[in-house]
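**Q** Structure for the following, please:
(chains A and B)
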Amino acid sequence: MAKYLLLKHYRGGPAPVVDFDPIDQWAPADVDTHIKYMNDFAAKLEGTGEWVDGQALSPEGTFVRYDGEGRPPVTDGPFAETKDLIAGWMVIDVETYERAVELAGELSAAPGPAGKPIYEWLELRPFLTAPPTVTE
Amino acid sequence: MNDALLRDLIPAVTGVLVRRGADFATAEDAVQEALIRALATWPEDPPADPKGWLITVAWRKFLDTTRAESSRHVREARVAAEPSPGPADDTGGTLQLYFLCAHPSLTPASAVALTLRAVGGLTTRQIAEAYLVPEATMAQRISRAKRTVSGVRFDEPGDLATVLRVLYLVFNEGYSGEVDLAHEAIRLTRQVTSMTDDEEASGLLALMLLHHARRAARTTPDGALVPLAEQDRSRWDTKLIAEGVAILQAALARDRLGEYQAQAAIAALHADAQTADETDWVQIVEWYDELDRLTDNPVVRLNRAVAVGEADGARAGLAALEQVDPAVPRRTAVEAYLRERSGDLAVAARLYGDAARAATNLAERDHLTRQAARLHHYFT
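**A** So this is what the prediction gives:
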């Protein structure tokens, strides 16, 4: 099995395929449908033994860095216009790369306004694993 | 009785229940419950006959579970159970259980999970922890696997090769956690070897022992990989090596070579060298040729190129590497190594960097990054 991160972005990645309003402007029923789709997707993966984790992130974040010995860390942000903004993730544990792509495709078809798929770009990243024991 | 001895009994107990007519999935759950009770009560009150105790308790659990149901299947099971079960042929039942858990209809990951639980006697939580997934996910993986094999006849002839493949995966791709999966794979392979008298089962056991012998030397205390050539050989476990070599020699003497025996032979040649310089690379190349003939695996050709590089020089190794598909993982890392050995340091530095970015595990990436940095530093 191999673990993959499915990364959802608020912004960033290739240009959106379908242009639609932000979710907070959708019809309430469409929002419910969208959220239910996400929950059902997670439940389905738990049932297939492929679920590891899923989390959503607040869009508001702060950059932090070290600022030298004895000084408090410097904070910066939040920024209104960062190029790339991560919205959340799912971690899946699947048999093959092809299966990971299939699942990402399915998640990308989550319904948006009027129940139509949002065609959202999702970023798929393999986890680094533990090293094998037998190498020669 | 220690935990491993207790778990040695698990497949035989499940085998008895199934041969009394219990369905595999329910029997396995019942045995797991009996196991948990044994772990709780035996330290205070050890039974005279541990296996008999487990069979009795598991069978009672099975009847409790099925009593509520009234399917025809269950009535049949009870009828089948009426005559007292004769002297159980443990070996047959245990081996059948291995076959079932490695059934070809299962995906490798499902077979691994089911094997660790149903023959290994590990809990779902332990298996989940070992493979870094939530317990609920692992529970589903196991119950789906059980459903997949629910229609398989228990006495159906099994394929030992698939069992060995599963045990190899447990050994080779184990993660960490409370359970030592390498240890577990060796324990189960020992059990299979004792039941089958098969050369390849012996070959696999020898392979595991010979690699396990190097474990203490393979990583630094902070987890960095130590390449074979740089390992402190005084830290290799000579007892395990001696055992592995003896098992391998007995298997090879029967002249039915297979891939695990050939892999073990390579590991034994490494184990035999007091220092890296004394390694008999010429013989190792010959074993890779045998392996290549047996498996047609591009990774074998890649490792062969490394051995050729050691036996006949880096240029010969690079020539051998030409035959290896560029898409094979770790090919770039091997080329970097051979380029460095042939004195082409600038190219080697670049290739080590490329290989690090393509690495699929963290320890290997860190190792390759250090190699790239070492060569870059050399120039500046």
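
**Q** Going by C-alpha atoms from here, please, whenever you check contacts or count neighbours.
**A** Will do.

**Q** And for B:Glu253, the neighbour number?
**A** Just to correct that, residue B:253 is Ala rather than Glu. 10 (other C-alpha atoms under 10 Å in any protein chain shown).

**Q** so where do the strands sit in the chain?
**A** No chain in the question, so chain A it is. A:2-11, A:51-56, A:63-65, A:74-76, A:85-94, A:122-126 (DSSP state E).

**Q** Of all these, which one comes closest to chain B?
**A** Chain B lies closest to strand A:51-56 among the strands of chain A, at 5.3 Å (C-alpha to the nearest C-alpha).

**Q** How about residues contacting the closest one?
**A** A:42, A:45-46, A:87-93, B:133-134, B:137 (C-alpha atoms under 8 Å, 6 or more residues apart in numbering or on different chains).

**Q** Likewise for stretch A:74-93?
**A** Taking C-alpha under 8 Å, 6+ apart as the rule, stretch A:74-93 contacts A:1-13, A:45, A:49-67, A:100, B:133.

**Q** Any of those buried? List them.
**A** Buried members of the contacts of stretch A:74-93, scored by 16 or more other C-alpha atoms under 10 Å in any protein chain shown, are A:1-9, A:11, A:45, A:49-52, A:59, A:100, B:133.

**Q** May I see the contacts of strand A:51-56 organised as a markdown table, with pLDDT and distance to A:Asp21 added?
**A** A markdown table is the format used below for those (pLDDT from 0 to 100; distance: C-alpha to C-alpha, whole Å):
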| residue | pLDDT | distance to A:Asp21 |
| --- | --- | --- |
| A:Ala42 | 94 | 25 |
| A:Leu45 | 96 | 29 |
| A:Glu46 | 94 | 31 |
| A:Ala87 | 89 | 16 |
| A:Gly88 | 92 | 19 |
| A:Trp89 | 95 | 21 |
| A:Met90 | 96 | 24 |
| A:Val91 | 97 | 27 |
| A:Ile92 | 97 | 29 |
| A:Asp93 | 96 | 32 |
| B:Val133 | 93 | 36 |
| B:Pro134 | 95 | 36 |
| B:Thr137 | 95 | 35 |
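
**Q** Neighbour-wise, give me the winner out of those.
**A** A:Ile92 (27 neighbours).

**Q** what's the closest residue in space to A:Glu46 that isn't next to it in sequence in contact with, if anything?
**A** Residue nearest to A:Glu46 in three dimensions, not counting chain neighbours: B:Thr137, with 5.3 Å by C-alpha to C-alpha, 6 or more residues apart in numbering or on different chains. Neighbouring residues of B:Thr137 by C-alpha under 8 Å, 6+ apart: A:Glu46, A:Gly47, A:Thr48, A:Gly49, A:Glu50, A:Trp51, A:Val52, B:Ala128.

**Q** Show me what secondary structure element comes after the helix or strand hosting B:Asp354.
**A** Using DSSP states H and E, B:Asp354 sits in helix B:345-358. Remark: after helix B:345-358, the chain's next helix or strand is helix B:362-379, criterion DSSP H and E.

**Q** contacting residues around that next one?
**A** Applying C-alpha under 8 Å, 6+ apart, the contact partners of helix B:362-379 are A:128-131, B:223-225, B:333, B:345-346, B:348-353, B:355-359.
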